[in-house]
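S.K.: sequence first, predicted model second:
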Amino acid sequence: MAKSGADYLRSCHNDDKGLNLEHVKAEEKEAAVQKYNDSITSRSMPKYTMSVFSAHQMGTCRLGSFPSTSAADEDGELWDCDDLYVADASTLPTASGANPMLTTLAIAHMIANRIALRLQYEDDRIDPVDEDDMFHAIQLAARRDDRRERANSLVECLLNLIFSRGS
C-alpha cells in the first residue's frame, strides 16, 4: 500500500492509531512501514481486539413497479434511462442484515435472463414452438412498453401542470 502511494496505513486492531506517511521522507518510508508492520505482526489477533467488517451496499437502487417508489423496474431497467440495467445488491429494498451473496447472484441471474429473453424477442430469435419463452418474452416487452407509456404520460402531466400554472 505504501509503495503504491498510500499516505496512511491502519490495521483493523481496535487500539491501532495507524501510521501517517504524509510527512515521512521518501528514504525513511520503507523503514517506517517495516517497523509498523512488525508492531502489527507482534500483536497477532487476540479475540475481540479487531474490527472485521464488510460493506454491502443494498437498497440504493431498488427494484419496483412504480417510479415513485423505486429506481428500477422489476426487470432491473432504470425508470429514467432506457437500456441501463442494475443487477447487484443495490436492487434489494433495504439491507438484509446477512451476507447477500446468494440473493445478489439470484437477482443478477434473473435480470440477465430477462434481458436476454427480451433481446431475443426483439430480434425475432425466439423459437415460436417454445411457448413458455414466447409467453415470458411477450410479457417482458409489454411490461416495458407499459412502463415507457406511464413514464411519458407522467412527464406530460407534469409539463402541463407546470405550464398551466404559469398562465
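M.R.: Right, received. Where do you want to start?
S.K.: for the protein, just list every one of the strands.
M.R.: 8-9, 19-20 (DSSP state E).
S.K.: and those strands, which is most packed in?
M.R.: strand 19-20 (a mean of 16; mean count of other C-beta atoms under 10 Å). For the C-beta atoms, the positions are set from N, CA and C on the backbone; glycine is no exception.
S.K.: show residues contacting that one.
M.R.: The contact list for strand 19-20 (C-beta atoms under 8 Å, 6 or more residues apart in numbering) reads D7, Y8, L9, R10, A32, V33, Y36.
S.K.: want to throw those residues into TSV with pLDDT and distance to Y48?
M.R.: As requested, the contacts of strand 19-20 are exported to TSV (pLDDT from 0 to 100; distance: C-beta to C-beta, whole Å):
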residue	pLDDT	distance to Y48
D7	88	29
Y8	90	25
L9	90	22
R10	89	18
A32	92	28
V33	91	27
Y36	91	22
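S.K.: looking at those, spot the one nearest A55.
M.R.: Set against A55, the nearest of the contacts of strand 19-20 by C-beta to C-beta is R10 (16.1 Å).
S.K.: may I see the buried residues of the helix or strand of the chain with the lowest mean pLDDT?
M.R.: Ranked by mean pLDDT, DSSP states H and E, the helix or strand of the chain with the weakest confidence is helix 131-165, at a mean of 78. Across helix 131-165, burial judged by 16 or more other C-beta atoms under 10 Å covers M134, H136, A137, L140, R143, R144, R147.
S.K.: and if you look at stretch 108-120?
M.R.: A108, M110, I111, R114, I115, L117, R118.
S.K.: among those, which are in helices?
M.R.: Members of those lying in helices (criterion: DSSP state H): A108, M110, I111, R114, I115, L117, R118.
S.K.: circling back: quick one, which of the contacts of strand 19-20 are buried?
M.R.: Among these, the ones that count as buried by 16+ other C-beta under 10 Å are L9, A32, V33, Y36.
S.K.: show me the contacts for H56.
M.R.: With C-beta under 8 Å, 6+ apart, H56 has these contacts: A89, A95, S96, N99, P100.
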